[in-house]
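>>> Here is a sequence together with a model predicted from it:
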Amino acid sequence: MISGSEVQTVDGIPGTWRINDEGDLTVTATGADGIRVDNTLVEGTAVVPPGPSLAFAQGQVGMVGGVDGSYGLVVLDEQAIVRSGLTGIDAYPYDSRWILRGVFKEVEPERRTLVERLTQPRTTDHMPAPVDLAFTIDGSEVVLTVVEEIPGQGLIIFTDETSGRETPDIGRWLVLPLAPAGTEVAVDLNKVVVSYHHISPTVFTSPLPPAGNHIPLRIEAG
C-alpha cells in the first residue's frame, strides 16, 4: 500500500513511489531502471493510473488499484504461478442459458458499502458502490451491489448455492464496464471467475461479497 506524500520504495522493484498534491500515485525512476507506464519509459517522475499500466525490466508487470491518495500496488510475476503448484482451475461447461439481460439501478449518490477483506486478521473497507445490477433468473429477480475498486470497472462479488461446495466459499466475481443507472447490460455468467486471492493469498487481500450479494440459486456457470 502506498499513501501520503512520503517517498516509499518497494522491495525488489526499482524506483521510488509517492502520492502527489493532486492525490495521484507517482513513480520516479531513471531510464536505466526500465520502468514503463502505459508502455512509455519513465525518465523522471510519472503519474501511474489505476489498472494494469506498469511493466518492469525484469519481466514483471504491475497493477494499481485505489483512489484519492491511497493505492495498492501489485507486482505480477508469471513464474509465481508455476512456483505455487497450481495446475488448473475447473470450469462449468459453457451454456448460453446463462447469458442474461440486466440493468444498472440507481442508488443514493456517493454510496459506499462495507466489505471485509481477506487480510490476516480480517479488515474492513468502505468501497465505492455506484450502482446495483438487477437481472432475472428463471423468473426470480436478483439485485446485487456493484463495487468499484478500479475506476470505470464494476465488480460484482457474490455467493450462491454452490459456494463452499463446488465453488469457493469466499464468492466469485463478475466484472462489467460501469455505466450510468438505467443502462441495460449483458450479464454473461459464463464469465464468472474466482478471485486473485486463490493465486496469492498474501498479496491479493480480495474483498468479500457485500451484505446481500447472495443468489439463492445454483449458478453452475463460470
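On my side now, so go ahead.
>>> Mind giving me the packing neighbours of the host helix or strand of residue 66?
Residue 66 is part of strand 61-67 when elements are defined by DSSP states H and E. Applying 3 or more CB pairs under 8 Å, 6 or more residues apart in numbering; DSSP states H and E, we find strand 61-67 packed against strand 51-55, strand 70-76. Any C-beta I mention is one placed from the backbone N, CA and C, and that applies to glycine too.
>>> Name the residues that touch the shortest one?
Applying CB atoms under 8 Å, 6 or more residues apart in numbering, the external contacts of strand 51-55 come out as 27, 35-39, 48, 61-64, 73, 150.
>>> what about it, average pLDDT?
Averaging pLDDT along strand 51-55 yields 90.
>>> State the paired neighbours of that strand in the sheet, together with their directions.
strand 36-37 (antiparallel), strand 61-67 (antiparallel) (DSSP bridges).
>>> Also the longest one?
In the sheet, strand 70-76 lines up against strand 2-3 (antiparallel), strand 61-67 (antiparallel) (DSSP bridges).
>>> Model confidence for the residue of the chain positioned farthest from its centre, exactly?
The outermost residue of the chain relative to its centre, with distances by CA atoms, centre = their mean, is residue 32 at 30.9 Å. For residue 32, the model assigns a pLDDT of 95.
>>> go on, residue 205?
At residue 205, the predicted lDDT confidence score is 85.
>>> Go ahead and confirm it touches residue 121.
No. Using CB atoms under 8 Å, residue 205 and residue 121 do not qualify as a contacting pair, with a distance of 11.1 Å.
>>> Comparing the two, which shows the higher neighbour count?
Between residue 205 and residue 121, residue 205 has the larger neighbour count (other CB atoms under 10 Å), namely 19 against 4.
>>> What is the least confident helix or strand in this structure?
helix 78-84 (a mean of 74; mean pLDDT, DSSP states H and E).
>>> Work out the gap between that one and the centre of the chain.
20 Å (CA atoms, centre = their mean, to the nearest Å).
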